[in-house]
Each structure stands twice: as structure tokens, then as C-alpha cells.
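> I'll drop the sequence and a predicted model, then ask my questions.
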Amino acid sequence: MPAIRTEALTKEFPVGFWRKRVHRALDQLTLSVEPGEVFGFLGPNGAGKTTTLKLLLQLIFPTSGVAEILGRPAGSVDVRHRIGYLPETPYFYDNLTAEELLLYFAKLFGYAPADRRRRVDRLLDEVGIGSERRQMLRRFSKGMLQRVGVAQALVNDPEVVFLDEPMSGLDPIGRRQIRELILDLRRQGRTVFFSSHILADAESICSQAGVLVAGRLVSVGRLDEILAVERGWELVVADLSEVAQRAIGSRARRITQIALGRHALEVAPTESDQFVRDCIESGAHVVALNPLHATLEDFFLRAVQDERGNEGASSDDSRATEPPPTS
């Protein structure tokens, strides 16, 4: 049974003032996330990521389609105590301390006082909030508030955790702590569904990724399969003459001078042997030959560009088939 499942999930909003029109923020989203997965939900700004999370949590309601969490309809009361949520811009009672806020949330979940205290102390330690835990939240920076937000999302030991831009506003140390926390949740067998535009962080923690563009899921796949795709080879050579640079470099995808007398050539997967022979025959010395694998950024950019290219082609087709105006 999937931990998260959607089928043709769609959300439309009316926009405009006098002549309202329908804006489709999410278009027929069909998705399945298995238990124990860390799913990275990626997309440009305005793609519909936050809308999707709000639909899954029933903070807003779909125009059509189905959303389920742990085999139950999204929003079911018996599921709510089994999930955690960090919104993109959390707002907390700023006259409370971080400690008081988490104790309050733990009390809402029905934990006994001693258990509350242990739980809150452990979570604040894990997200890197030290002596500041007894300061009022209005004195916290955005990054510190983000850490408190992650802690409150985990206060009930949820089976499924939804995180909307969890790295937003964090410094490098904070980002690393949150990455390690998410990886620890993965090791515990919990399911994490998070949206992000920080692709390097997503690549380091997610086991599966999907790309949303203009409300449509345009690509999805397991990260180990995405990153296993060979993009080509990087050939590092020394003492490549100017004549060889022009002759050999013109056939490479890219040639870059990386140091005095050294160049890096990016070549296609099937052409590495020929380039090595040509460089040696020209009198250059081969220093290294390294495989280049696809990155999550490659996957993301290709999906976005393909979708936008398809949109442009569809628009051109519709204009081509439109009958000419009559006078």
C-alpha cells in the first residue's frame, strides 16, 4: 500500500475581477510514493508544489481527483496524528519560547508531561537549537524559526512527514543538520515528501524525484536510475598545442583551460577512445579520463525545457489551425 497516492488530482482557482477565468494550478496529478521513500517534489516557482501539499493535507480541497495518505482519504481524522507538516512560511506565537511552543504541540497530541519534556529536548537538540530554546520566538532569525518548524513537524513521531521548502533560510550548517535529520527519518523507515528548489540538497537525500511544471507532473524517477545515466566523459590533457586545440576541441562538446598547459574536454560517451588517440598523436599527454554522470540538475532542467518546448509547439499548432479572420 502506498504511503501517499494521488489520482488525477486537480485544483482550479477563479482569477480576475470583472471577467473571472479559471486558472488550473494543478493538472491531473497521478503519483505514488511507497513507505520509507524520501520523495523530492521539484519545480520552478509557481509550479504548484505548495498547492499539492495543501491538497494532501486538506488545507484546501480539490476540484477533482483522489488523494490518499496511508491508505485513507487525505484529511481523515485517524490519519492526522500519523503525519507531520512544515509549511513554506510557518507562523508561530512569537511571545512563546521554542521550548514552550513544542511543549504546547506535544500536549495537543496527548503526551504525558514527562514524555513531552524528553521529546522536546531531543528534537531541539537534533535541529541545533541550544540555549536559545528559552528565548522568545520573535527574537529568532528566519533560519532558526525554520529549525523550530522542522522540530514541530516531528513532535508526534509521524509516519509520513510533509516538508515545504525545509532548507529555506538556513545557513550551510543548518542545511546539513536538516539533511542528516531527513536521512535519519529514512533509515527509520518513515516517508518524507518535501518540495524544494535547492537541487543539491535534494540530490543528497531523496530516493525518488518528480518535476512539476505549470501544474503538470512532467517527469518522475528513482534517483539511482537518474544518476546512473552516463552524460559522457571528461578528458584532461596536458601540453595540447594550439593547432590541436582548434582541430580536436572543435569536435568536443566543450573544451576548457583548467590550468596553465592543461585542458579539459567533454566528449560523448562513445567517442572517448578516439579523442584519447587523437590527443596522443598530437603530442599531448593524457592526464585523466573521468566518466560524467547525469545530475539531478540535468534531470530537472531537461524536464522543464522539454515541457516548455512542448507548450510552445502546442501554441504554434493551435495558431496554425486557427481559421484566418474574416473581414
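Thanks, I have the structure now.
> tell me which element residue 257 falls in.
Assigned by DSSP states H and E, residue 257 belongs to strand 254-259.
> other residues contacting that strand?
The contact list for strand 254-259, computed with CB atoms under 8 Å, 6 or more residues apart in numbering, reads 236, 245, 248-249, 263-266. Where you see a C-beta, it was placed from the backbone N, CA and C, and this is true even at glycine.
> now the closest residue to residue 196 other than its chain neighbours: how far from residue 225?
Excluding its sequence neighbours, the residue lying closest to residue 196 (CB to CB, 6 or more residues apart in numbering) is residue 202, at 4.9 Å. Distance, residue 202 to residue 225, using CB to CB, to the nearest Å: 15 Å.
> just residue 96 next, same as before
With the distance defined as CB to CB, residue 96 ends up 45 Å from residue 225.
> quick one: which of those two has more around it?
residue 96 (15 against 10; other CB atoms under 10 Å).
> report pLDDT for the more buried one.
Confidence per residue is given as pLDDT, and for residue 96 that number is 93.
> quick one: residue 47 and residue 215 touch, right?
Yes: proximity of residue 47 to residue 215 meets the contact threshold set by CB atoms under 8 Å, at 6.9 Å.
> which one's more surrounded, the two?
For residue 47 against residue 215, the residue with the higher neighbour count under other CB under 10 Å is residue 47, and the figures read 25 against 22.
> need the three-state assignment for the more buried one.
Assigned with DSSP: H, G, I helix; E, B strand; the rest coil, residue 47 falls in the coil class.
> domains in the protein, as residue ranges please.
4-82+158-226, 231-292 (automatic domain parsing).
> which among the contacts of strand 254-259 end up buried?
236, 245, 248, 263-265 (16 or more other CB atoms under 10 Å).
> nearest to residue 185, of these?
Out of the buried ones among the contacts of strand 254-259, the one with the shortest distance to residue 185 is residue 264. That distance is 38.7 Å, counting by CB to CB.
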